[in-house]
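S.K.: Build the 3D model from these lines:
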Amino acid sequence: MKKITTFYIVFIISVMNIYSQKSNLAKAAKEYGQFAYVDAIKTYEKVFAKGYKSVDMLEKLGNAYYFKADLDNAAKWYGELFSLANELEPEYYYRYAQSLKAIKQYDKADEMMAKFIKINGNDHRAKLAAEQKNYLTLIKKNSGRYSIENAGINTEYSDYGSSFFGDKLAFTSARTNNKVYEKKSSWTGEGYTNLYFADKDTNGALSDAQRISTIINSKYNEATPVFTKDEGTVYFTRNNYLEKKGKDKSGTILLKIYKATFKEGNWENVTELPFNSDDYSVAHPALSPDEKYLYFSSNMPGTLGQSDIFRASINFDGTFGAPENLGAIVNTEGRETFPFISAENELYFSSDGHPGLGGLDVFVYRIGDNRWHKGVLNMGESLNSSKDDFGFLIDSTTKLGYFTSNREGGQGGDDIYRFKELKEIQYPCDQFLAGKVTDRQSGVALSGSKVILYDDGYKMLKVVDSDNGGKFDFGPIECNAKYHIKTEKGDYNTIEIPLIIGDESGKTFIPMLLDKIVKEMKLGDDLAVVLKLKTILFDLNKSNIRPDAVVELSKILDVMQQNPNMKIDVRSHTDSRNSTDYNKKLSDRRAKSTMAWLVKQGINKTRVTAKGYGELQLLNKCADSVKCTETEHQVNRRSEFIIVK
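M.R.: Model (predicted):
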């Protein structure tokens, strides 16, 4: 009886444990679905400690840490996930790789990325990773360009997202307001963020942080302000809250960008921008140097990944144009966020989709400048680290700036760092190849020409057609490489030329000069000029036809065979050296020797006349007793084939 009673007690406890697990898992799933990652993590870890684990639970636990930017713990739980499952969705290979970078396990991270590339090769992040397998070497080239210090106003809470405001710095902080009860964010576990100003000295050190107007700061999150140059308008990020909370279909409060104006010492007229929505987030505004564009991050329709960089034009009347995605050069399937536009029109932004050191890295892209066609460039260590690095901004005049990071050694979750740029970023060699196809004789542009680019091993790389101006453009090519360009056009001879590209950035322009297969000829033309014959050489003081002269004379022969009614007069000339009589006789023998060769090849002797002119028809100053170079004398030693019929 005792054994039976014990069995029932164990059974009941077991049932209660199972029920408790299911209840806790349901609770955690709900918290996770509402982005309450702090609470979800506590519940999942409690269930795991009791011996329960599943793929779904470990996915959500790893994700919860990943989304709250705790990549160290994300790596731990993704490791548990991969030890439990053999096959997972591609995104988990990518997130695990990013998390491994955060703990500097780069070899294992590269192993995960290799698997991600294999199973998800069409993903833009996979293509970038495949193209930049030496990404650590590329990053190293631009490392060590900054001196970095703590900005001076950080707390044990998150401080981030700064922007310039005259001699002050505006920033975001989750620091407390010393209230007995202060509502906390279920995503981060910290208090809601507000906007602050801090004084900055000539070295960029910050002090005396003060909250900005309560008109801007609400009881929910405000972040990442940007101000117009006249300091009369501010754009900032806020939870979907104005008169009341706005939520999407799942009941989630998302992010929007708001605008406020400064009048008579106060910020007022807080309004949301027209491209906000309850169904997606719009955040982290930045202004172009001319203030004609507002850049921002969003997951609105048309987004390529988790969040993309967009921009919208700011019209003269204060209205906005439709947002446009910056495209696949900048955006990936990952997160692109926190844009900043420098005075040089450089777009700085953070991404975990481009190859980096781990978490979010800061990248740069020159807007409207194709000097580096590979798109974006990692800003290198020590600006970037294995953790999240974002919120970059720089004064292009003083080279002083700020960025945010949750790297080791900080005071809170995120900290603001000040820096001095010691040397400019070095873009890798970048070359572009273009050219123009023209008729050699007339110089007329030849549209519709087929131009083919081959590598050094004659592998075809690109085929383009010349435009109405005869121009063609192959776009970006590799530096320090060999190529071959072939050009084809009806009625013209096909040509091919070799090309060596150097190791400096620039644009290589190649003129492609085509000769007609059928050349236009008229009475008095010299076939040597029309056919661009090489100089027909004779041995010293001799008139016999040399083998190299046969090559050129064969071209004359070919033209006469194709034109059976053509008659020519062969005229031979010498330079002024030697006597006039000798030169006359030598040139005459050479002209008649040339004529004899053509007759021997089948040309009727009635179609050819020949005469030597010696030094009687010099083309330059090099007469008797005039000192000239060998090159100048060479001009006068020539053979002419004048069309007489």
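
S.K.: and stretch 494-512, how far apart are its ends?
M.R.: 10 Å (CA to CA, to the nearest Å).

S.K.: which of the residues in it are buried?
M.R.: Neighbour counts over stretch 494-512 (16 or more other CB atoms under 10 Å) mark 495, 499, 501, 508, 510, 512 as buried. C-beta: built from backbone N, CA, C; applies to glycine.

S.K.: One more: stretch 633-645?
M.R.: Quick answer for stretch 633-645 (16+ other CB under 10 Å): 633, 636, 637, 638, 639, 640, 641, 642, 643.

S.K.: can you check stretch 532-546 too?
M.R.: 533, 536, 538, 543, 545.

S.K.: Tell me which two of those residues sit farthest apart.
M.R.: Across the buried residues of stretch 532-546, no pair lies farther apart than 533 and 543, at 18.1 Å, counting by CB to CB.

S.K.: residue ranges of the strands in the stretch 101-250 of the chain, please?
M.R.: 146-150, 159-165, 168-173, 194-200, 206-211, 222-227, 233-239 (DSSP state E, counting those that start in this stretch).

S.K.: My error: substitute the stretch 401-550 of the chain in the last question.
M.R.: Taking DSSP E, counting those that start in this stretch, the strands of the stretch 401-550 of the chain run over residues 415-421, 431-439, 450-455, 460-465, 471-477, 481-488, 495-501, 506-514.

S.K.: mind giving me the domain split of the chain?
M.R.: When the chain is parsed with automatic domain parsing, its domains come out as 2-120, 146-421, 431-514, 527-643.

S.K.: thinking again about what came up before, now render the strands of the stretch 401-550 of the chain as JSON lines, adding distance to residue 86 and mean pLDDT.
M.R.: Shown next, in JSON lines, are these (distance: least, CB to CB, whole Å; pLDDT from 0 to 100):
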{"stretch": "strand 415-421", "distance to residue 86": "40", "mean pLDDT": "95"}
{"stretch": "strand 431-439", "distance to residue 86": "45", "mean pLDDT": "92"}
{"stretch": "strand 450-455", "distance to residue 86": "40", "mean pLDDT": "94"}
{"stretch": "strand 460-465", "distance to residue 86": "40", "mean pLDDT": "94"}
{"stretch": "strand 471-477", "distance to residue 86": "40", "mean pLDDT": "91"}
{"stretch": "strand 481-488", "distance to residue 86": "42", "mean pLDDT": "93"}
{"stretch": "strand 495-501", "distance to residue 86": "46", "mean pLDDT": "91"}
{"stretch": "strand 506-514", "distance to residue 86": "50", "mean pLDDT": "92"}
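
S.K.: Save those strands as CSV, and put in distance to residue 621 too.
M.R.: Formatted as CSV, the strands of the stretch 401-550 of the chain follow (distance: least, CB to CB, whole Å):
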stretch, distance to residue 621
strand 415-421, 62
strand 431-439, 33
strand 450-455, 43
strand 460-465, 47
strand 471-477, 41
strand 481-488, 40
strand 495-501, 36
strand 506-514, 31
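
S.K.: Out of these, indicate the one that is most buried.
M.R.: Sort the strands of the stretch 401-550 of the chain by mean neighbour count, taking mean count of other CB atoms under 10 Å, and strand 415-421 sits at the top with a mean of 22.

S.K.: relative orientation of it and strand 159-165 in degrees?
M.R.: Following axes from the mean of the first three to the mean of the last three CA atoms, to 10 degrees, one obtains 50 degrees for the angle between strand 415-421 and strand 159-165.

S.K.: Need the domains of the chain in JSON lines (columns: distance to residue 132).
M.R.: Below are the domains of the chain laid out as JSON lines (distance: least, CB to CB, whole Å):
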{"stretch": "domain 2-120", "distance to residue 132": "11"}
{"stretch": "domain 146-421", "distance to residue 132": "5"}
{"stretch": "domain 431-514", "distance to residue 132": "14"}
{"stretch": "domain 527-643", "distance to residue 132": "47"}
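
S.K.: Find the nearest non-adjacent residue to the most centrally placed residue in the chain, please.
M.R.: Residue closest to the average C-alpha location in the chain (CA atoms, centre = their mean): residue 375, at 0.5 Å. Once flanking residues are discounted, residue 375 sits nearest to residue 329: 4.1 Å by CB to CB, 6 or more residues apart in numbering.

S.K.: what's the helix or strand for residue 633?
M.R.: helix 630-636 (DSSP states H and E).

S.K.: ok so, going back, quick one: classify the residue nearest to the centre of the chain as helix, strand or coil.
M.R.: Three-state assignment for residue 375 (DSSP: H, G, I helix; E, B strand; the rest coil): coil.

S.K.: mind listing what it touches?
M.R.: 329, 330, 365 (CB atoms under 8 Å, 6 or more residues apart in numbering).

S.K.: Does the second one touch residue 337 like I think?
M.R.: No - with contact defined as CB atoms under 8 Å, residue 330 does not reach residue 337; the gap is 11.2 Å.

S.K.: Common neighbours of these two, please.
M.R.: With CB under 8 Å, 6+ apart as the test, residue 330 and residue 337 both reach 309, 349.

S.K.: Quick check: residue 21 is in a helix.
M.R.: Yes - Residue 21: assigned to a helix according to three-state DSSP.

S.K.: Kindly provide the distance from it to residue 54.
M.R.: 10 Å (CB to CB, to the nearest Å).

S.K.: Would you verify that residue 593 is located in a strand?
M.R.: No - read with three-state DSSP, residue 593 is helix and lies in no strand.

S.K.: Phi first, then psi, for the nearest residue to it once chain neighbours are set aside.
M.R.: Once flanking residues are discounted, residue 593 sits nearest to residue 543: 4.5 Å by CB to CB, 6+ apart. Main-chain torsions, residue 543, degrees, to the nearest 10: phi -130, psi 10.

S.K.: Next, the contact list for residue 543, please.
M.R.: Contacts of residue 543 (CB under 8 Å, 6+ apart): 586, 589, 590, 592, 593.

S.K.: which among those gets closest to residue 431?
M.R.: Among those, and counting by CB to CB, the member closest to residue 431 is residue 590, at 49.0 Å.

S.K.: That closest one touches residue 611, doesn't it?
M.R.: No - using CB under 8 Å, residue 590 is not in contact with residue 611, being 10.5 Å away.

S.K.: Just the residues contacting the host helix or strand of residue 257, thanks.
M.R.: Element membership for residue 257, per DSSP H and E: strand 255-263. For strand 255-263, the surrounding residues in contact (CB under 8 Å, 6+ apart) are 215-216, 221, 231-240, 242, 246, 267-273, 276, 281-283, 285, 294, 296.

S.K.: As PDB, could you dump the C-alpha coordinates of that strand?
M.R.: Taking C-alpha atoms only, strand 255-263 is exported to PDB below (Å, rounded to 0.1, in the frame of the first residue of the first chain):
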ATOM      1  CA  LEU A 255       9.000  53.700 -33.100                       C
ATOM      2  CA  LYS A 256       8.300  56.900 -35.000                       C
ATOM      3  CA  ILE A 257      10.100  60.000 -36.000                       C
ATOM      4  CA  TYR A 258       8.700  63.300 -34.600                       C
ATOM      5  CA  LYS A 259       9.500  66.900 -35.300                       C
ATOM      6  CA  ALA A 260       9.500  69.900 -33.000                       C
ATOM      7  CA  THR A 261      10.300  73.600 -33.400                       C
ATOM      8  CA  PHE A 262      12.000  76.100 -31.100                       C
ATOM      9  CA  LYS A 263      10.200  79.300 -30.400                       C
END
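
S.K.: Check the average confidence over it, would you?
M.R.: Across strand 255-263, pLDDT averages out at 93.

S.K.: got it, and stretch 94-113?
M.R.: Computed over stretch 94-113, the average pLDDT equals 89.

S.K.: What residues sit buried inside it?
M.R.: Buried residues in stretch 94-113, defined by neighbour count with 16+ other CB under 10 Å: 94-103, 105-106, 109-110, 112-113.

S.K.: The strand holding residue 257 versus strand 233-239: what angle between them?
M.R.: 150 degrees.
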